[in-house]
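*Asks:* predicted structure and sequence below. I'll ask about it afterward.
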Amino acid sequence: METLPEFAGRLLPAVLFACLALYFLIRGATAGPGSRRLANLALFCGLTGLVLPEISLGLSPAANSALFLASGAIRIFLGVAGITLAAAALWTRGDGGVGIARPVTAAGFSFLHAFIGAGLVLFSSFTWASTPWDFQSPDGAFRLRLPSQQWKQAPVDDRADAIAFVCSSPRMQARVVAVRQEQTAADFALAVEALRARLDSLPTRRDTAEDREGTTTSGGSYRYVTFMDSTPDGNPVFVAYSVTWCPRQQTVIEVLVEGLPRLLSQTGKAGEMHRFQKSAETICLSVE
């Protein structure tokens, strides 16, 4: 648990930058040459980008997507406004109120502020809820749920009867690996054992694996595992795999979901990984 000094240490920079931004807002609102006032207002718009209450308060885009979306939109507006004000200050600096350095500095901070805002909007888009939809297999053997309208069914080259789906943001794909009919609980147990054996044979995957078992809403049994793998060129890949037994249809269905991380910051990675996990759970645990 975070201590009070640690929390104060995270909050202090935000307070200091807020005070500095407020100083330039006051200077920009007082009388003086027009170019200086414009440059000071531009500095206010830019410096508020360094006030990050979302980070200072330890908020996560995964749990506060609406707040991050609104904050990102406001920050983009302030960044663009700061760049516009800085350009106006440069245009009117003939009144002798300001040189080149202050408007240019303000424009730089404002550009950074707009960039931060765009990042927050992107992060929130990874966790923003959208309308799921259900897919029913053509032969009626199973049904599963896709997390949002961003998920589309995709063609598969290696098998004409294969079923796969893709999502572009974040970059994910899902595939129904196997559908076996006339299966019993014993057959389900054998499929689970085969999955465990595959993980045990790959120590690097086994070390990051998390698995659980349970019952679906329709009364079936499932085994669900997630782990981190890598592409042939070494890039990390989030992997989820489920084995589900549907007793009514006497069918065992195996589903594979993969997610390719693209963001670099810790905040971005957290939001992206949360979306991977939630999307994979929606798909894999909805099989019936």
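*Replies:* Cool, the structure landed.
*Asks:* following the least confident helix or strand in the chain by mean pLDDT in sequence, what is the next regular element?
*Replies:* Ranked by mean pLDDT, DSSP states H and E, the weakest helix or strand in the chain is helix 203-206, scoring a mean of 65. For helix 203-206, the succeeding helix or strand toward the C-terminus, using DSSP states H and E, is strand 210-215.
*Asks:* packing partners for that next one?
*Replies:* strand 221-230 (3 or more Cβ pairs under 8 Å, 6 or more residues apart in numbering; DSSP states H and E). Glycine gets a C-beta too; all of them are placed from N, C-alpha and C.
*Asks:* can I get the next helix or strand after the strand it packs on as CSV, trimmed to CA atoms?
*Replies:* Heading C-terminal from strand 221-230, the first helix or strand you meet, by DSSP H and E, is strand 236-246. The C-alpha trace of strand 236-246 is given here as CSV (Å, rounded to 0.1, in the frame of the first residue of the first chain):
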residue,chain,number,x,y,z
PRO,A,236,5.9,-10.1,-27.2
VAL,A,237,2.4,-11.7,-27.8
PHE,A,238,-0.4,-12.1,-25.3
VAL,A,239,-2.0,-15.5,-25.7
ALA,A,240,-5.3,-16.9,-24.3
TYR,A,241,-6.5,-20.5,-24.9
SER,A,242,-9.7,-22.1,-23.7
VAL,A,243,-11.1,-25.7,-23.8
THR,A,244,-14.8,-25.8,-23.3
TRP,A,245,-17.2,-28.8,-23.0
CYS,A,246,-20.8,-28.2,-23.9
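*Asks:* what are the pairing partners of strand 236-246, and which direction each?
*Replies:* strand 221-230 (antiparallel), strand 251-259 (antiparallel) (DSSP bridges).
*Asks:* could you pull out the strands for this protein?
*Replies:* 133-136, 143-146, 152-154, 163-167, 172-181, 210-215, 221-230, 236-246, 251-259 (DSSP state E).
*Asks:* could you tell me the least trusted of the strands paired with strand 236-246?
*Replies:* Mean pLDDT is lowest for strand 221-230 among the strands paired with strand 236-246, at a mean of 88.
*Asks:* can you pull out the helices in the stretch 1-150 of the chain?
*Replies:* 4-29, 34-47, 53-56, 65-91, 101-127 (DSSP state H, counting those that start in this stretch).
*Asks:* show me the shaky parts of the chain.
*Replies:* 1-10, 55-56, 58-64, 125-130, 157-161, 203-208, 264-268 (pLDDT under 70).
*Asks:* neighbours of P261, how many?
*Replies:* Per other Cβ atoms under 10 Å, the neighbour tally for P261 reads 17.
*Asks:* report the contact partners of it.
*Replies:* P170, N235, P236, V237, F238, K269, E272, M273, F276 (Cβ atoms under 8 Å, 6 or more residues apart in numbering).
*Asks:* and the gap between A118 and R93?
*Replies:* Distance, A118 to R93, using Cβ to Cβ, to the nearest Å: 29 Å.
*Asks:* neighbour-wise, which of the two wins?
*Replies:* R93 (20 against 15).
*Asks:* the more buried one reaches V104, doesn't it?
*Replies:* No. Between R93 and V104 there is no contact under Cβ atoms under 8 Å: 10.9 Å.
*Asks:* re the thing from before, among the strands paired with strand 236-246, which is nearest I283?
*Replies:* For I283, the closest of those is strand 251-259, at 5.6 Å, according to Cβ to Cβ.
*Asks:* what's the closest one in contact with?
*Replies:* By Cβ under 8 Å, 6+ apart, strand 251-259 touches 141-142, 144, 170-181, 183, 187-188, 191, 237-246, 272, 275-276, 279-280, 283-284, 287.
*Asks:* out of these, which end up buried?
*Replies:* The neighbour count (16 or more other Cβ atoms under 10 Å) marks 142, 144, 170, 172, 174-176, 179, 183, 188, 191, 238-246, 272, 275-276, 279-280, 283-284, 287 as buried among the contacts of strand 251-259.
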